[in-house]
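In: Curious how this folds, go ahead:
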Amino acid sequence: MEFRKIIGAAAFGATVVAASLASAQEVNVYSLRQEFLVAPLFEKFTEETGVKVNVIFAEKGLVERIKQEGANSPADILMTVDISRIQQAVDAGVTDSVSNDVINANIPAHLRDPEGHWFALTQRGRAIYASKDRVGEGEITSYEDLADPKWKGRVCTRSGTHVYNVALFASMIAVHGEEKAQEWLEGLKNNLARKPQGNDRGQVKAIKEGVCDIAIGNTYYYGKMLENEEQRPWAESVNIVFPNQNDRGMSMNISGMSLIKDAPNRDNAVKLMEFLTGDVAQKIYAEVNYEYPVKPGVEWAENVKSWGTFKADKLPLADIARLNPDAIKMVDTIGYNE
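Out: Residues are numbered from 1 along each chain as shown. Modelled structure (predicted):
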């Protein structure tokens with residue numbers, strides 16, 4: 001893999017002197033997020049600062065790569081998705097602590113590491129999708145309802161060990177304790193219409209096809225299905241339900257960033273991290289993938305707003321990360337995927 005340089009148009013249009021100064025300024029990002037999601041952010045950053053953003057994109061293996069590169073790694077920032085994957089980088093010892101007033105002011109405390117090793121950049125909710133034809137409005141309102149015997153044979157989910165479900169299950173442990181959470185998960189398993197399989201969109205497709213009536217999925221997939229001609233009928237067959245609005249709120253997960261321990265361009269890296277938590281970047285980043293900004297007060301995209309507002313769970317994501325191993329053990333103990 002080679003670095004790709006993403007340079008804003010303003011850098012090209014500057015004077016020779018300004019261009020030479022800009023070329024001396026750079027920051028290196030290792031990204032597990034797709035190029036189309038982050039390229040607009042980096043272009044805007046370069047336009048405003050003259051700092052080039054060099055990026056390696058990959059679907060997996062970047063933490064291992066940073067470990068192998070050691071103190072000579074060119075990586076300044078790691079961008080990834082899901083709290084469990086972010087925590088893996090911290091546990092691997094490749095991240096560094098950042099104490100920055102701008103970043104801390106922009107990102108609420110429950111959406112950043114208490115020690116400054118990671119910061120959320122966007123949010124997505126773990127929603128319930130319910131058939132418009134076979135599930136009445138208000139008939140299911142909480143994650144706890146998923147274990148109600150009335151839904152026996154009517155629920156679809158992806159694998160219980162997928163990071164999206166692990167985070168949800170960890171949140172149930174945090175709220176109810178391990179014993180009650182396991183009882184709930186056993187109830188959910190008993191209600192499954194089929195063996196866990198596929199991805200989040202595949203569960204909504206199964207509702208459309210009559211395999212099940214209820215599914216669990218991330219909120220942004222609703223927007224992705226609506227923009228896809230083949231998948232639009234799947235999305236149109238369901239209502240998106242924001243769970244637990246009468247108590248703690250919908251369980252949230254994140255995409256996020258970490259500063260790399262031996263970052264060779266630390267000052268520019270922190271400058272980019274500040275930018276990514278600001279109003280401009282937050283609006284761009286959230287809009288491009290139907291996600292929610294993490295900085296309070298940044299307006300949601302119009303299409304996302306059309307799905308309705310909701311109360312979000314304020315459970316610290318650091319707690320979810322800590323409980324992820326217990327959630328995985330719980331999935332294995334009850335044989336959820338079997």
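In: drop to CA atoms for contacts and neighbour counts, all remaining ones
Out: Fine.
In: so what's the closest residue to residue 35 other than its chain neighbours up against?
Out: In space, and not counting its chain neighbours, residue 35 is closest to residue 57: 6.8 Å by C-alpha to C-alpha, 6 or more residues apart in numbering. By C-alpha atoms under 8 Å, 6 or more residues apart in numbering, residue 57 lies in contact with 30, 31, 32, 33, 34, 35.
In: Distance from the helix or strand residue 222 falls within to the middle of the chain?
Out: Residue 222 is part of helix 220-226, with elements assigned from DSSP states H and E. Here the centre of helix 220-226 is set off from its chain's centre by 14 Å, with C-alpha atoms, centre = their mean, to the nearest Å.
In: What is the neighbour count of residue 250?
Out: Residue 250 has 24 neighbours, counted by other C-alpha atoms under 10 Å.
In: Quick check: the gap between it and residue 242.
Out: 6 Å (C-alpha to C-alpha, to the nearest Å).
In: any common contacting residues for these two?
Out: Shared contacts of residue 250 and residue 242, counting by C-alpha under 8 Å, 6+ apart, come down to 127, 310.
In: Just confirm residue 239 is within a strand.
Out: Yes - judged by DSSP: H, G, I helix; E, B strand; the rest coil, residue 239 forms part of a strand.
In: Give me the nearest residue to it, chain neighbours excluded.
Out: residue 130 (5.3 Å).
In: Just the C-alphas of the one helix or strand residue 206 maps to, formatted as PDB.
Out: Assignment of secondary structure by DSSP H and E places residue 206 within helix 200-208. Extracted in PDB, the C-alpha atoms of helix 200-208 (Å, rounded to 0.1, in the frame of the first residue of the first chain):
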ATOM      1  CA  ASP A 200     -27.600  -5.300   8.600                       C
ATOM      2  CA  ARG A 201     -29.200  -4.700   5.200                       C
ATOM      3  CA  GLY A 202     -29.700  -8.400   4.800                       C
ATOM      4  CA  GLN A 203     -32.000  -8.400   7.900                       C
ATOM      5  CA  VAL A 204     -34.200  -5.700   6.400                       C
ATOM      6  CA  LYS A 205     -34.400  -7.600   3.100                       C
ATOM      7  CA  ALA A 206     -35.500 -10.600   5.200                       C
ATOM      8  CA  ILE A 207     -38.400  -8.500   6.600                       C
ATOM      9  CA  LYS A 208     -39.400  -7.500   3.100                       C
END
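In: Now do residue 125 against residue 167, distance only.
Out: From residue 125 to residue 167 the distance is 11 Å (C-alpha to C-alpha).
In: Nearest to residue 218 among the contacts of residue 57?
Out: Lowest distance from residue 218 to these (C-alpha to C-alpha) belongs to residue 33, with 16.1 Å.
In: can you count the residues close to the closest one?
Out: 19.
In: And for residue 309?
Out: 10.
In: Am I right that it sits in a strand?
Out: No - with three-state DSSP as the criterion, residue 309 is coil rather than part of a strand.
In: For residue 151, give me its contacts.
Out: residue 191.
In: And residue 112, its phi and psi?
Out: phi -150, psi 160 (degrees, to the nearest 10).
In: Look up the closest residue to it, ignoring the ones flanking it.
Out: Residue 112 sits nearest to residue 119 (C-alpha to C-alpha, 6+ apart), 4.4 Å away.
In: Tell me how many other residues crowd that neighbour.
Out: The burial count for residue 119: 29, using other C-alpha under 10 Å.
In: now residue 279
Out: Around residue 279 there are 17 residues (other C-alpha under 10 Å).
In: Model confidence for it, exactly?
Out: We have a pLDDT of 96 for residue 279.
In: you'd agree it is up against residue 300?
Out: No - counting by C-alpha atoms under 8 Å, residue 279 stays clear of residue 300, with 11.3 Å between them.
In: Not counting its neighbours along the chain, what's nearest residue 53?
Out: Nearest one to residue 53, counting by C-alpha to C-alpha, 6+ apart, is residue 27 at 5.1 Å.
In: thinking again about what came up before, mind listing what's buried in the helix holding residue 222?
Out: Buried residues in helix 220-226, counted by 16 or more other C-alpha atoms under 10 Å: 220, 221, 222, 223, 225.
In: Leaving out chain neighbours, which residue sits closest to the fourth one?
Out: Spatially, and ignoring its direct neighbours in sequence, residue 223 is nearest to residue 290 (6.0 Å; C-alpha to C-alpha, 6+ apart).
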